[in-house]
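In: fold the following and give me the result.
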Amino acid sequence: MGLTGADAPAGAGADALGEHAGTVAAPLPAHRDAWEEQVLDDPDLLGDIAFAIGGPFHLMYPPRVVENIRGFQRVFTDSGVTGAVYYGKKANKSACVARACATADAGIDVSSTGELGAALGQGVRGADLMVTGPEKSEELHWLAARHGCLIAVDSLGELNRLAALDIPVRVLLRVLPAASASRFGMPADELDQAVAAAAGFPSVSLHGFSFHLSGYDPVPRAELAVRLLDRIRDARAQGHPATTLSIGGGFGVDYVPAEYWSAFREQASRRWFHSGKTFESYYPYFFPAPGPAMLTAILEHGDLARQLRETETTLAVEPGRALLDRAGSTVFRIQGHKTRHEHGQPYRVLTVDGSSLSLSEQWFDSEYLPDPVLWPAGPGKPTPTVVGAATCLESDMLSWRRIPLPRAGETGDLLIYPNTAGYQMDSNESPFHELPIPPKVVLSPAPGGRYRWALERS
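Out: Next up is the predicted model:
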């Protein structure tokens with residue numbers, strides 16, 4: 001459910017902030033699922049976990065991953081298209097996500113022997129793994145071939161190295177889109193050579209093509225897919241099975257309601273940010289057609305679904321972030337606070353017991369914008385607040401903007417950053433300052449409408 005209108009955090013509006021209006025960021029409350037609401041409403045659960053862990057931690061809720069996978073699968077079923085969902089494992093390394101993929105009959109996109117072994121260890125079969133990445137190592141090639149994985153080949157040289165293994169292997173050829181400056185994939189002439197070369201390798205079975213596009217526009221994906229169906233037909237004419245076309249990932253996630261995102265974008269000012277910090281760009285935290293809806297738009301454009309059905313081609317997708325939507329949050333404890341002034345107005349500076357390495361957007365020179373939730377809830381005066389880390393780096397800020405928290409955060413309170421499972425949690429984790437890397441805590445539904453929790457052990 002989304003927090004909109006009357007459900008917005010108390011004190012979020014400019015009127016409630018009074019003298020601070022113009023120096024405090026517009027609120028960006030995140031959409032919440034029922035499980036998140038229940039966790040926040042529980043008077044003990046978060047506090048008990050924080051006491052047991054003794055530091056920051058990540059909450060994971062795997063049933064939501066299963067639900068997200070089912071959403072993509074329903075789109076394929078409804079459109080009559082044979083589809084395959086591969087979770088982009090780099091988005092979150094948690095074992096419970098891989099187990100959720102096995103539960104929901106989804107595959108996993110892996111790019112290292114570690115990721116491959118971790119996926120197998122959670123019950124995902126080798127035949128359901130796609131191996132991607134540039135110029136993969138000999139060890140990864142060997143292991144992937146032994147387990148019958150589908151391998152996305154990035155170059156002619158890689159194709160030759162795979163053939164030299166003399167192990168039966170299924171491959172896709174990765175396409176370099178026209179006019180792209182990417183270092184990945186093969187241009188048209190190299191693809192022609194690779195298709196011809198594969199016909200001469202008895203151990204290589206060419207199952208189709210793959211591509212990845214940046215951005216979140218469904219139209220270029222659909223149009224390139226339509227063009228590549230001609231390559232599928234040509235490859236079949238040369239004797240290859242050519243059954244699969246992968247369009248990669250990049251499926252958007254909707255983090256915050258439209259009206260809040262619009263207000264933020266229209267009013268954003270460096271006056272909102274600690275030290276006048278500015279950022280060049282932000283992730284589109286409002287997304288009108290996220291995840292499965294974006295897949296629907298791709299299939300509908302240019303009548304792609306019909307052409308896939310007519311050619312009996314399987315469409316593969318590799319979502320990462322979209323399969324993790326609302327599947328986890330990151331929790332920090334407030335270690336202390338102080339007051340600072342900018343533009344003649346006071347605001348609170350909180351220091352939490354972790355670093356922005358566990359909120360990775362900051363390390364891509366951007367700001368993670370969904371507002372954190374202060375726990376426990378309670379009465380108080382709306383308080384403009386920025387959030388800093390426990391390190392000695394001036395730049396190590398979790399939230400540069402002055403967030404309109406509903407009350408002043410105090411030492412011992414918790415700050416819960418919502419919807420962080422997709423890339424935020426661990427893509428840049430590091431024991432900098434010898435601070436512990438936040439563990440993952442897995443929630444499971446329990447009798448009586450409550451939740452059990454367990455520490456995930458790697």
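In: pLDDT-wise, which helix or strand of this structure ranks last?
Out: Sorting the helices and strands of the chain by mean pLDDT, DSSP states H and E puts helix 14-17 at the bottom, at a mean of 47.
In: which strands and helices sit next to whichever helix or strand comes after that helix?
Out: For helix 14-17, the succeeding helix or strand toward the C-terminus, using DSSP states H and E, is helix 34-41. Contact partners of helix 34-41 among helices and strands, from 3 or more Cβ pairs under 8 Å, 6 or more residues apart in numbering; DSSP states H and E: helix 45-53, strand 450-455. For every residue, glycine as well, the C-beta is placed using N, CA and C.
In: am I right that Val24 is in contact with Pro404?
Out: Yes: under the criterion of Cβ atoms under 8 Å, Val24 makes contact with Pro404 at 5.3 Å.
In: all strands for the stretch 101-250 of the chain, in order.
Out: 107-110, 129-131, 150-153, 169-174, 204-210, 244-246 (DSSP state E, counting those that start in this stretch).
In: relative to Pro372, which of those strands is closest?
Out: strand 107-110 (30.2 Å; Cβ to Cβ).
In: now the strands of the stretch 101-250 of the chain in a markdown table, with mean neighbour count, distance to Glu223 and mean pLDDT?
Out: Shown next, in a markdown table, are these (neighbours: other Cβ atoms under 10 Å; distance: least, Cβ to Cβ, whole Å; pLDDT from 0 to 100):
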| stretch | mean neighbour count | distance to Glu223 | mean pLDDT |
| --- | --- | --- | --- |
| strand 107-110 | 26 | 23 | 98 |
| strand 129-131 | 25 | 23 | 98 |
| strand 150-153 | 28 | 21 | 98 |
| strand 169-174 | 25 | 18 | 98 |
| strand 204-210 | 25 | 15 | 98 |
| strand 244-246 | 25 | 13 | 98 |
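In: so can I have a markdown table of these showing distance to Ser329?
Out: Converted to a markdown table, the strands of the stretch 101-250 of the chain look like this (distance: least, Cβ to Cβ, whole Å):
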| stretch | distance to Ser329 |
| --- | --- |
| strand 107-110 | 23 |
| strand 129-131 | 28 |
| strand 150-153 | 32 |
| strand 169-174 | 35 |
| strand 204-210 | 33 |
| strand 244-246 | 31 |
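In: closest to Phe286 out of these?
Out: Phe286 sits nearest to strand 107-110 of all the strands of the stretch 101-250 of the chain, at 26.4 Å, using Cβ to Cβ.
In: direction included, what does the closest one pair against?
Out: Partners of strand 107-110 in the sheet, by DSSP bridges, are strand 83-88 (parallel), strand 129-131 (parallel).
In: contacts for it?
Out: 84-90, 98, 101, 115-116, 119, 124, 128-132, 149, 249, 318, 320 (Cβ atoms under 8 Å, 6 or more residues apart in numbering).
In: hey, C-alpha coordinates of the helix or strand where Leu350 lies in CSV?
Out: In the assignment (DSSP H and E), Leu350 maps to strand 345-352. What follows is strand 345-352, C-alpha atoms only, in CSV (Å, rounded to 0.1, in the frame of the first residue of the first chain):
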residue,chain,number,x,y,z
GLN,A,345,17.3,27.5,10.4
PRO,A,346,18.2,24.6,12.8
TYR,A,347,18.2,21.0,11.8
ARG,A,348,19.2,17.7,13.4
VAL,A,349,22.3,15.7,12.3
LEU,A,350,21.9,12.0,13.3
THR,A,351,24.9,9.6,13.3
VAL,A,352,24.0,5.9,12.9
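In: contacts for the helix or strand following it next, please.
Out: Of the helices and strands lying after strand 345-352 in sequence (DSSP H and E), the nearest is strand 373-375. Contact partners of strand 373-375, identified using Cβ under 8 Å, 6+ apart, comprise 40, 46, 405-407, 409, 413-416, 418.
In: and those, which two are furthest apart?
Out: The most widely separated members of those, counting by Cβ to Cβ, are Arg407 and Pro418 (18.1 Å).
In: which one's more surrounded, these two?
Out: The neighbour count for Arg407 versus Pro418, taken as other Cβ atoms under 10 Å, is higher for Pro418 (24 against 18).
In: residues near the nearest residue to the more buried one once chain neighbours are set aside, how many?
Out: Excluding its sequence neighbours, the residue lying closest to Pro418 (Cβ to Cβ, 6 or more residues apart in numbering) is Ala30, at 4.0 Å. A count of nearby residues for Ala30, using other Cβ under 10 Å, gives 25.
In: go on, the one 5 residues further on?
Out: Other residues near Trp35 number 17, with proximity taken as other Cβ under 10 Å.
In: cheers, nothing more for now.
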